[in-house]
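Q: Model the structure of this input:
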Amino acid sequence: MDKNDIVKLPKMEKKEYDNLISKQYLCRVVFRGGKYPYIAPLLYIFDRNHMYFLSTNYGKKISFFREYPYVLVEIEEYEKDFSDFSFMVLSGKLVQIDDEKKDEEIRKDFVKMIKGRNLSKNIMIALGHSSEDPLESLVNEKRSIVWKLTDVEEIKAFKKS
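A: Below you'll find the model as predicted:
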């Protein structure tokens, strides 16, 4: 190999990127935005078929979603020294969950995920609540919105060789 040759990152197989999505719970969602793209960190859960996001129901991302629901979702995992890393980008469409039963079910799954991963109660602040509010208020109060990623057109997933 010539010293000027570009080394390309290996692609991840479906099993590998499904594992990455399952292990993580925070991603970045890129909206079309105004002059510039708009990036928002969002909590998510993955049911092995779809990604669901929980977000405050206010802010720029809401208006950008309503104007143009097509997004990029970025998920990553890396060691601090980059001795190991993987990342992926999915392109798809966000759809708001309007069905009350499905909405409640997904919110309960978020509560389970937060408890199961032993996340700080400070996460509640990012979801429009006080850190003093019980986690169950995510289910009982609608200060947040639930989205589902649909119509995924492309998945780009790479890892360290």
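Q: Name the single longest helix found in the protein.
A: helix 100-116 (DSSP state H).
Q: in it, what's buried?
A: Asp103, Ile106, Arg107, Asp109, Phe110, Val111, Met113, Ile114 (16 or more other CB atoms under 10 Å). Any C-beta I mention is one placed from the backbone N, CA and C, and that applies to glycine too.
Q: ok, and the closest non-adjacent residue to the first one?
A: In other words, Asp103. Ile97 (4.8 Å; CB to CB, 6 or more residues apart in numbering).
Q: before we move on, the earlier item: put together JSON lines for the buried residues of helix 100-116, with distance to Met51 and pLDDT on each row.
A: Listed next are those as JSON lines, based on distance: CB to CB, whole Å; pLDDT from 0 to 100:
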{"residue": "Asp103", "distance to Met51": "15", "pLDDT": "96"}
{"residue": "Ile106", "distance to Met51": "11", "pLDDT": "97"}
{"residue": "Arg107", "distance to Met51": "15", "pLDDT": "96"}
{"residue": "Asp109", "distance to Met51": "12", "pLDDT": "97"}
{"residue": "Phe110", "distance to Met51": "12", "pLDDT": "97"}
{"residue": "Val111", "distance to Met51": "17", "pLDDT": "96"}
{"residue": "Met113", "distance to Met51": "12", "pLDDT": "96"}
{"residue": "Ile114", "distance to Met51": "16", "pLDDT": "96"}
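Q: List just the nearest of these to Glu154.
A: Ile106 (24.4 Å; CB to CB).
Q: Turn the buried residues of helix 100-116 into JSON lines, including distance to Asp2.
A: As requested, the buried residues of helix 100-116 are exported to JSON lines (distance: CB to CB, whole Å):
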{"residue": "Asp103", "distance to Asp2": "56"}
{"residue": "Ile106", "distance to Asp2": "51"}
{"residue": "Arg107", "distance to Asp2": "55"}
{"residue": "Asp109", "distance to Asp2": "50"}
{"residue": "Phe110", "distance to Asp2": "50"}
{"residue": "Val111", "distance to Asp2": "54"}
{"residue": "Met113", "distance to Asp2": "47"}
{"residue": "Ile114", "distance to Asp2": "50"}
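Q: Closest to Glu136 out of those?
A: Nearest to Glu136 among the buried residues of helix 100-116 is Val111, at 6.3 Å by CB to CB.
Q: what about the residue nearest to the closest one when sequence neighbours are not counted, which SS state?
A: Distances taken as CB to CB, 6+ apart place Leu135 nearest to Val111, at 4.8 Å, with adjacent residues excluded. What DSSP: H, G, I helix; E, B strand; the rest coil gives for Leu135 is coil.
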